[in-house]
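In: show me how the following folds:
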Amino acid sequence: MGIAVILHVLAATVWVGGMFFAYMALRPVAATQLEPPARLSLWVGVFGKFFPWVWVCVIALLVTGFWMIGLLGGFKSIGSYVHVMLILGIVMMLIFMHVYFAGYKRLKLAVAAQDWPTGGGKLAQIRMLVGINTILGLVTIAVGAGGRYFVFFH
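Out: Predicted coordinates:
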């Protein structure tokens, strides 16, 4: 169980921490200091490095999460906060898949074609979804870390 918990927490930290950094630190600086060609090219490169790690995190979270649920006796044996954490995590994964397979793909095509207005629109869509996922990720971490201590999760 210890290895599963460690891998689970590390995967959540990498994914949510990466989104928080990108949204709260990198995005505002890039938006104010870079013109669209440089800014959009930067984001294609950043996503190209970050998204493979997100895939690793998604797989690790699913494997370790279901592994721990199994070790604890299945879904009937776990607290409702774990069910909430699982639902939020799956929503986050679905949002990420949409960003990856739709938004990021279209952003790369726009940047390759040097279509900066279209690329800017795609980046804005990705930014909104990453913002939502960052909030969901922080809530999921809070539920996972403190859920067992709140009456409304019993």
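In: correct me, but residue 140 touches residue 15?
Out: No. Applying C-beta atoms under 8 Å, one finds residue 140 not in contact with residue 15, separated by 10.1 Å. All C-beta spots, glycine's among them, are computed from the backbone N, C-alpha and C.
In: neighbour count: these two, which is higher?
Out: For residue 140 versus residue 15, neighbours defined as other C-beta atoms under 10 Å are more numerous around residue 15 (26 against 23).
In: I'd like the next helix or strand past the strand or helix carrying that one.
Out: Using DSSP states H and E, residue 15 sits within helix 2-21. Once helix 2-21 ends, the next helix or strand along the chain (criterion: DSSP H and E) is helix 27-33.
In: what does that following helix contact?
Out: Residues from elsewhere that reach helix 27-33, judged by C-beta atoms under 8 Å, 6 or more residues apart in numbering: 39, 42, 43, 127.
In: so which of those residues is the closest to residue 79?
Out: residue 127 (34.2 Å; C-beta to C-beta).
In: state the distance from the residue nearest to the closest one when sequence neighbours are not counted to residue 34.
Out: Closest residue to residue 127 apart from its sequence neighbours, by C-beta to C-beta, 6 or more residues apart in numbering: residue 27 at 6.6 Å. Distance of residue 27 to residue 34, computed by C-beta to C-beta, to the nearest Å: 11 Å.
In: what do you get for residue 122?
Out: From residue 122 over to residue 34 the distance is 16 Å, taken as C-beta to C-beta.
In: ok, residue 20 next?
Out: Going from residue 20 to residue 34 by C-beta to C-beta gives 20 Å.
In: any idea how far residue 122 is from the closest residue in space to residue 34 that isn't next to it in sequence?
Out: In space, residue 34 comes closest to residue 42 once its chain neighbours are excluded; the distance is 6.4 Å by C-beta to C-beta, 6+ apart. Look at residue 42 and residue 122: by C-beta to C-beta, they are 14 Å apart.
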